[in-house]
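> what follows is a predicted protein model with its sequence.
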Amino acid sequence: MAKRVLFVSGRPEKWQEIGNGFHNYPEVNLYKAASLAQTESVMASNRFGIGDLVVLDELIDGRPAIDAAKDIIVKNAFVYLAITSDMPHDQFHELAEGLGILAQIPSRPTEADFEALMRQWDAVSSVSGR
């Protein structure tokens, strides 16, 4: 079954390195959005749901990604979320608690960060059966 990943950022070049890693995962379909409204549209039209992944840039529409994550969770609680953030892990965890954030990734993600994200996603996907 195909898996879906949606990258959300007003700066698509940011995902260049991490996005290149998906060439090794042909079962993954990639999508991009530049705003929260576009994110909702892409998610609805492509039927994002259980086990799909949404990766949020630090700021979405000028708002912190954690705030945008809350909006996404209200509309679709079944997707996994990853957020780029350089804030200390404890502070990030405190702000994101209860949102079901799969991963915090650095604001300048590398291929190693991508591989770590994929391992986490694969681990939780195997539990959810997706």
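Cool, the structure landed.
> please report how far the spatially most central residue of the chain lies from residue 114.
The residue lying closest to the centre of the chain (C-alpha atoms, centre = their mean) is residue 55, at 1.8 Å. Distance of residue 55 to residue 114, given as C-beta to C-beta, to the nearest Å: 10 Å. In this view, the C-beta of every residue, glycine as well, is placed from N, C-alpha and C.
> helix or strand right after the helix or strand containing residue 94?
Using DSSP states H and E, residue 94 falls within helix 89-96. Going down the chain from helix 89-96, the next helix or strand is strand 101-105, by DSSP H and E.
> got the angle for that next one vs helix 89-96?
Per axes from the mean of the first three to the mean of the last three C-alpha atoms, to 10 degrees, the angle that strand 101-105 makes with helix 89-96 is 140 degrees.
> what's strand 101-105 packed up against?
In this structure, strand 101-105 packs against strand 80-84, helix 89-96, helix 111-128, with contacts taken as 3 or more C-beta pairs under 8 Å, 6 or more residues apart in numbering; DSSP states H and E.
> so what touches the first one?
Spelled out, that is strand 80-84. For strand 80-84, contacts defined as C-beta atoms under 8 Å, 6 or more residues apart in numbering pick out 14, 51-58, 65-66, 69, 72-73, 92, 96, 99-107, 109, 117, 121, 124.
> apply 7 Å and report the result again.
Contact with strand 80-84 is made by 52-58, 65-66, 69, 72, 99-107, 109, 117, 121, 124, as judged by C-beta atoms under 7 Å, 6 or more residues apart in numbering.
> give me the buried subset of the residues you listed.
52-58, 65-66, 69, 72, 101-105, 109, 117, 121, 124 (16 or more other C-beta atoms under 10 Å).
> helix or strand next in line after the helix or strand of the chain with the lowest mean pLDDT, which one?
Lowest by mean pLDDT, DSSP states H and E among the helices and strands of the chain is helix 16-20, with a mean of 68. Moving toward the C-terminus from helix 16-20, the next helix or strand (DSSP H and E) is strand 28-33.
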